[in-house]
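[1] Need the 3D shape of this:
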Amino acid sequence: MSKTTRSATAVPKTRRSTRNRPTDEELLDAALAVIADVGAARATMDMIAARAGTSRVTLYAHFGSRDALVDAVLDREMQTLTRWKLAAYDQGDEMTYGDHTRYSVEVLFEYARRNPDGFRVLLTNREQHRESARQFSAALEPKLAQRLRTAFAARGHAVGVGADVLASMLIGMTLDVAHRAVIVAGASIDTACELAVSSAMSVLRSVDVEQLQAVDRSLAPTAAEIHPSGT
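    Numbering: from 1, shown residues only. Predicted coordinates:
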């Protein structure tokens, strides 16, 4: 047996840069890897320091506390995902309504393929860090809602705030399908993507425009307060 037999619980180290002091990004990368492996609740400063090849003192000097470090990881990953999705919406401007719906869902799972740790960490911590999830939805909802309004208008239907409600539901449903498929059921990204696309398309096919317009009427005073006209 080798004299240097490695413990089964040893944490592999992140490759250090040639600089003496690690950057925030390097420490966040190490923290992300640990959180993806063991979960945010079980990730310790010792484990993260070991993965980064540094000390707990350095982590505290950069982030102040373990909770602040975890929050910084989640904020960074959510901002990265949000930028990815917003860029995808802009690139799909010339697509048809149905094609863009499929594309926008597939883009989320392409991100998951390229950033598996970040995607997993975001899904598993949605409930504990609702503010980040709210900011994600708030960034995407206006673009999706406008596309929905344009599609309904092309069919002769005027829909207002009801499109915002539908956009919010579609975004939340896609994330819920991803969580249940990938985290709860252990399905592959490809399987989760197919389920999410199928669910989104099914919702859109079954949308009752009159119900959306009823939402418009019921929320008209609130919408007028939020988006006053002529002022």
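[2] shaky segments in this protein?
    1-20, 92, 221-231 (pLDDT under 70).
[3] need the helices for it, in chain order.
    24-38, 45-52, 56-63, 66-91, 97-114, 116-124, 130-154, 161-178, 189-205, 209-218, 220-226 (DSSP state H).
[4] List the buried residues for the second one?
    Think helix 45-52. Across helix 45-52, burial judged by 16 or more other CB atoms under 10 Å covers 45, 47-52. Using the backbone N, CA and C atoms, a C-beta is placed for each residue, glycine as well.
[5] With distance to Ala187 added, can I get those in JSON lines?
    Shown next, in JSON lines, are the buried residues of helix 45-52 (distance: CB to CB, whole Å):
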{"residue": "Met45", "distance to Ala187": "33"}
{"residue": "Met47", "distance to Ala187": "28"}
{"residue": "Ile48", "distance to Ala187": "29"}
{"residue": "Ala49", "distance to Ala187": "34"}
{"residue": "Ala50", "distance to Ala187": "31"}
{"residue": "Arg51", "distance to Ala187": "27"}
{"residue": "Ala52", "distance to Ala187": "31"}
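[6] Could you give the backbone dihedrals for Leu219?
    phi -100, psi 10 (degrees, to the nearest 10).
[7] Now do the contacts for it.
    When contacts are counted by CB atoms under 8 Å, 6 or more residues apart in numbering, Leu219 touches 161-162, 165.
[8] which of those tops the neighbour count?
    Gly162 (27 neighbours; other CB atoms under 10 Å).
[9] For that one, give me its contacts.
    Counting by CB under 8 Å, 6+ apart, Gly162 has contacts 211-216, 219.
[10] Return the distance of the nearest residue in space to it that is not next to it in sequence relative to Met201.
    Spatially, and ignoring its direct neighbours in sequence, Gly162 is nearest to Leu212 (3.2 Å; CB to CB, 6 or more residues apart in numbering). Distance, Leu212 to Met201, using CB to CB, to the nearest Å: 17 Å.
[11] So for the two, which residue has more residues nearby?
    Ranked by neighbour count (other CB under 10 Å), Leu212 and Met201 place Leu212 first, with 22 against 14.
[12] got the contact list for the closest residue to Ser199 other than its chain neighbours?
    Excluding the flanking residues, the one nearest Ser199 by CB to CB, 6+ apart is Val177, at 5.4 Å. Contacts for Val177 (CB under 8 Å, 6+ apart) come out as 192, 195-196, 199.
[13] now swap in Leu170 and tell me
    When contacts are counted by CB under 8 Å, 6+ apart, Leu170 touches 144, 200, 203-204.
[14] For these, work out which two are farthest apart.
    Within these, Leu144 and Val203 form the most distant pair, 12.4 Å apart (CB to CB).
[15] Please say which of the two ends up with more neighbours.
    Comparing Leu144 with Val203 by other CB under 10 Å, the one with more neighbours is Leu144, at 22 against 15.
[16] I'd like the distance between the more buried one and Leu59.
    Relative to Leu59, Leu144 is positioned 38 Å away (CB to CB).
[17] ditto for Glu210
    Distance, Glu210 to Leu59, using CB to CB: 56 Å.
[18] do the same with Ala52
    Counting by CB to CB, the separation of Ala52 from Leu59 is 8 Å.
[19] what do these two both touch?
    Counting by CB under 8 Å, 6+ apart, the shared contacts of Ala52 and Leu59 are Leu27.
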